[in-house]
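Trainee: Sequence and predicted structure are below.
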Amino acid sequence: MNELKINRVYKHFKGDYYLVVDVAKNSETKEDFVIYRRLYDDGSLWIRPKDMFLSEVDHIKYPDVKQKYRFELQDIKSVVK
């Protein structure tokens, strides 16, 4: 199963990168939403239901995509030794 980690970088299956800022709860439905920031263009904040954020790519709709999940955690190493 895909996991969610705060303050970590994720790659969207279409190629762009995002920083997960936090998780917020909808006051009416109690559903969890992921708050994430674009790491390109204007750096704007976005939200998406947590279940959707962690869901698998629809490989019928996107048959050429190699990534399993819609957003995947990236293991970014420091360049400082």
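Mentor: Cool, got the structure.

Trainee: Paired strands for the lengthiest strand in the chain, with orientation please.
Mentor: Secondary structure assigned by DSSP state E gives strand 17-25 as the longest strand of the chain. Strand 17-25 has the following strand partners under DSSP bridges: strand 9-12 (antiparallel), strand 32-38 (antiparallel).

Trainee: Can you pull out the residues in contact with it?
Mentor: For strand 17-25, contacts defined as Cβ atoms under 8 Å, 6 or more residues apart in numbering pick out 4-12, 31-40, 45-47, 50, 71, 74. (Each C-beta comes from the backbone N, C-alpha and C, glycine too.)

Trainee: quick one: low-confidence ranges for the chain?
Mentor: 1 (pLDDT under 70).

Trainee: same thing but at 80, please
Mentor: Low-confidence segments of the chain, defined by pLDDT under 80: 1-2.

Trainee: any idea where the helices of it begin and end?
Mentor: Assigned by DSSP state H, the chain shows helices spanning 50-53.
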